[in-house]
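[1] what follows is a predicted structure for the sequence shown.
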Amino acid sequence: MASGFFRRAGIASVCRALQDGIVKGRCCLSRQQRRRRVTRAIHLMSRRFAGSTASLSKCDVCDDSPGARDAVSTVSKKLYKNSRTYDLFMKWLGYESRIDRFLRRLNTSGGPHERILDAGCGTGLLGLHFLERFPAARLQATDLEPNFLHAMLVNAARRGIDRERIAVAQADISRPKQLTTLEGAPLALEDASFDLICIGAVIGYASDIEASLCHLLQLLAPGGTLINIEMSESVTGRFVSRRYQYHNIPLARMRDLIRDQGCQVVSTALGIRHFPANLTRTAIIARKAGG
Ligand SMILES: C[S@@+](CC[C@H](N)C(=O)[O-])C[C@H]1O[C@@H](n2cnc3c(N)ncnc32)[C@H](O)[C@@H]1O
């Protein structure tokens, strides 16, 4: 079904590379060959979807902070236009199941985990996992693109998650506290109002990554947890980031920044069991003091 969709979408070369890398790869290719072929598939996919860059609004919060880049986010509008294709790729490449596998083994003892924020939620990979895991939890999901918010809700319905447990709103990760509901009403998030904040491959789209991280940590309640399934510094991680116009911040710098905000940090690389997600993602887990 998925390959038919891709063929109709004119991405036959991606299809072939994926089939070579994943389907045939299971039986007759070495791990290295498989890795190369999936990397090539990701490359083809990103070439197919990478479009012209479009400026997004300037970050008024970050512009006030010292050392802020006088920059604007330059994420291509085309890049995240099609949530359906993104969703299919995440599922088909095995990203979704492998990240889910990684999260299942993650120690989230402590808690409570009742108020969850998934900022830059995409199709809901992270937030929906935690909603299923913590039955009393409620999720605030945000994304720059409304089509991803809709896709996340569709995925939630598919997974049998009660719609009442999810609030969705548009937000730029540069200003994670400032939301706009789908009806167009402004909404401000209060500091210390979340027990668990999850982000994944989104903070690099902020016009000032450090300020954005700082604001996200302010939203975290004492004793709360930040889970960042970040783009890794591996060759493939940096390669995909570049294709997706994602600005990697050195992970050591990110860890220092989080510590400066009074959090304990643990970073964990994804292992071979999480292939192919381990090619491009890594995890940074932070616990805020107090609580
Ligand atoms: C690579 S996807 C990651 C989705 C999800 N967090 C995950 O881990 O799979 C990036 C997501 O960030 C969103 N995004 C891009 N620029 C953004 C911005 N400036 N603010 C908020 N979200 C943004 C895109 O619409 C897309 O849903």
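    Great, that's in hand. Remember, predicted model here, so these are calculated numbers, not experimental data.

[2] next one, pLDDT for Ser3 please.
    On the pLDDT scale, Ser3 is placed at 46.

[3] could you list the residues of the protein in contact with the ligand?
    73, 75, 80, 120-122, 125-126, 143-145, 148, 172-173, 200-202, 205, 229 (C-beta under 6 Å from any ligand atom). Backbone N, C-alpha and C define where each C-beta goes, glycine included.

[4] flag the helix or strand of this structure with the lowest per-element mean pLDDT.
    helix 60-64 (a mean of 26; mean pLDDT, DSSP states H and E).

[5] buried set for whatever helix or strand comes next after that one?
    Note on helix 60-64: by DSSP states H and E, the next helix or strand toward the C-terminus is helix 83-92. The neighbour-count check on helix 83-92 (16 or more other C-beta atoms under 10 Å) flags 83, 85-90, 92 as buried.

[6] first vs last residue of stretch 170-180, how far apart are they?
    End-to-end distance for stretch 170-180, by C-alpha to C-alpha, to the nearest Å: 5 Å.

[7] pLDDT on it, on average?
    For stretch 170-180, mean pLDDT is 97.

[8] what does stretch 200-212 give?
    For stretch 200-212, mean pLDDT rounds to 96.

[9] likewise stretch 240-258?
    92.

[10] which residue is nearest the centroid of this structure?
    The residue lying closest to the centre of the chain (C-alpha atoms, centre = their mean) is Gly200, at 2.5 Å.

[11] which residue packs closest to that residue, ignoring adjacent ones?
    Closest residue to Gly200 apart from its sequence neighbours, by C-beta to C-beta, 6 or more residues apart in numbering: Ile229 at 3.9 Å.

[12] quick one: neighbours of that neighbour, just the number.
    Residues near Ile229, counting by other C-beta atoms under 10 Å, number 24.

[13] what residues does the nearest residue to Leu220 once chain neighbours are set aside make contact with?
    In space, and not counting its chain neighbours, Leu220 is closest to Lys288: 4.9 Å by C-beta to C-beta, 6+ apart. Neighbouring residues of Lys288 by C-beta atoms under 8 Å, 6 or more residues apart in numbering: 217, 220-226, 261-263.
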